[in-house]
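K.L.:
quick one, structure for this:
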Amino acid sequence: MRVETALRASAELGEGPTWDTAAGRLIWVDILASRVHTFGPSTGHRTLMSTEQHVGAAKPRAGGGVVVNLRDGVGLYDADGRFSWLRRDPVPGRRGNDAAVAPDGALWAGTVRYDEAAGGGDLVRYAPDGTATTVLDDVTVSNGTGWSPDGTLMYYVDTPTRRIDVFDVRDDGSATGRRPLARIDEGAGFPDGLTVDADGCVWVALWDGGAVRRYTPEGALDRVVTLPVRRPTACAFGGTGLRDLYITSARVGLPAPSPQDGSLLVLPEAGPGLAQPPFGG
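P.N.:
Residues are numbered from 1 along each chain as shown. Predicted coordinates for the structure are as follows:
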């Protein structure tokens, strides 16, 4: 499979690509630069919005604008750029990290301590009305989250565990029965952001592994795609028919970054993927 550079960039910590179906564009963030980017592959049109805090994720909202996972909690930007807090709950030394929107329109948002202390993060489900339910309260680096095509399974990564875990999804949208789906072997990197394709297979970016992997619903390693960056962070399907896999990357911590590190990559015709629902709030 041929990897291309969709957008040459120098992101410190590029993360969280998400296809905004309504707008036909990709949304992604540079966490440490406190920036939300958009990119239209068909037009080349780009936008940049600065946030006042480190931003772990940005996802489209049903009524326009984006929901953002910030240092001090979850915030809302309207389509005209006005900001409000959905829920502000600052914890010293901690920030928002990756997030995802479930099939029912709820936001699942994770956190991490800046020092990555073990058990210092959590995973919280935010209903569209702002009601917050803590799902996990002892994670270290809360990262990729995604759902199976039929919505009955949820996949999740707490990066230092080197696992992709799977949960059963109840009728009320909650998750239970956590168990390992796949384990990343020593020396292959650390699992970071993930996405699920139309076949129910899980694609995961490997931080310090320079690759993305595809795992079957049974947890078997199905595909490895080597990338021209050392720290890929997350992936998402987008473009026409959701056939292209977009991959963010980071430069942070690299003593001698290459020109590609921090860029947005694309793996054409890797899909199709699944349409990502907007946040309902």
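K.L.:
what about the nearest residue to Phe83 once chain neighbours are set aside, how many neighbours?
P.N.:
Nearest residue to Phe83 in three dimensions, chain neighbours excluded: Tyr77, at 5.5 Å (CB to CB, 6 or more residues apart in numbering). (Glycine included, C-beta is placed from N, CA and C.) Residues contacting Tyr77 under the criterion other CB atoms under 10 Å number 19.
K.L.:
and Gly200, how many neighbours?
P.N.:
Neighbours of Gly200 using other CB under 10 Å come to 15.
K.L.:
helix/strand/coil for it?
P.N.:
Three-state call for Gly200 (DSSP: H, G, I helix; E, B strand; the rest coil): coil.
K.L.:
which residues does it contact?
P.N.:
For Gly200, the contacting residues are Ser148, Pro149, Thr216, Pro217, by CB atoms under 8 Å, 6 or more residues apart in numbering.
K.L.:
how about Pro160?
P.N.:
Applying CB under 8 Å, 6+ apart to Pro160 gives the contacts Glu116, Ala118, Thr140, Val141, Phe190.
K.L.:
likewise Glu52?
P.N.:
With CB under 8 Å, 6+ apart, Glu52 has these contacts: Ser34.
K.L.:
what do you get for Val212?
P.N.:
Going by CB under 8 Å, 6+ apart, Val212 touches Trp203, Val204, Ala205, Leu206, Val224, Val225, Leu227, Pro232, Cys235, Leu245, Ile247, Leu267.
K.L.:
if we use 6 Å, what do you get?
P.N.:
Going by CB atoms under 6 Å, 6 or more residues apart in numbering, Val212 touches Trp203, Ala205, Val225, Cys235.
K.L.:
tell me the one of those nearest Tyr126?
P.N.:
Cys235 (23.1 Å; CB to CB).
K.L.:
before we move on, back to that, and of the contacts of Val212, the nearest to Asp98?
P.N.:
So of the contacts of Val212, ranked by how close each gets to Asp98 (CB to CB), first place is Ala205, at 10.6 Å.
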